[in-house]
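> What shape does this take:
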Amino acid sequence: MQYTSKYESPLGSILMAADEKRLTGLWFEGQKYFALYLQEENEEKELSVFEQAKKWLTIYFSGREPDFKVPLHFTGTEFQNEVWKMLYEIPYGQTTTYGHIAKHLAKKKGMERMSAQAVGGAVGHNEISIIVPCHRVVGSNGNLTGYAGGIDKKIALLKLEKGYKDTFFVPKKSTAP
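Residues are numbered from 1 along each chain as shown. Prediction:
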């Protein structure tokens, strides 16, 4: 069974999902792939993990890096889960590229190369936004594309963390809504 709770952030309403003990989803209302992995049967209920996630988000949106981790449970494919674990390791206020993640995963799997586009697909389907910081992934040339919550939110989150660079840009044709 999954449970849900809502959080009002400065960037809009957020829906969270969890099993009994770990967060399984966190989406901006109306984002691309909204609640994609949320089980049809779910119940709104306040759980300890939601209290922790709300505390984490409140600290985060105050412009500070939270000093604790919220228990997470990834429920994607094996490949998505690997990518999401890498996203979770990107330090606060820093960015990486889809290509860098692809190279790291290829090396880890003993492969010669891996598609940055495949990584981009997994990043775009990240089920636990913000806490698993997919907004910290940019194109190799600094383009800000591919954020399911919308480019405006990606920019706002990077600026909040002081990780936004003047060299970043929004491409004329974006994959994000």
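
> contacting residues for the residue lying farthest from the centre of the chain?
Largest separation from the mean C-alpha position in the chain: Glu112, at 27.0 Å (C-alpha atoms, centre = their mean). Glu112 is in contact with Ala106, counting by C-beta atoms under 8 Å, 6 or more residues apart in numbering. C-betas here are computed from N, CA, C, even on glycine.

> roughly how far apart are it and Ala118?
14 Å (C-beta to C-beta, to the nearest Å).

> repeat for His73
23 Å.

> of the two, who's got more company?
Higher neighbour count among His73 and Ala118: His73, with 18 against 15, using other C-beta atoms under 10 Å.

> Now do the buried residues in the lengthiest helix in the chain.
Ranked by number of residues, the top helix in the chain under DSSP state H is helix 48-61. Buried positions in helix 48-61, judged by neighbour count with 16 or more other C-beta atoms under 10 Å: Val49, Phe50, Gln52, Ala53, Lys54, Trp56, Leu57, Tyr60.

> Any chance of a markdown table for those, columns distance to Tyr7?
Formatted as a markdown table, the buried residues of helix 48-61 follow (distance: C-beta to C-beta, whole Å):
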| residue | distance to Tyr7 |
| --- | --- |
| Val49 | 12 |
| Phe50 | 8 |
| Gln52 | 12 |
| Ala53 | 7 |
| Lys54 | 5 |
| Trp56 | 10 |
| Leu57 | 6 |
| Tyr60 | 11 |
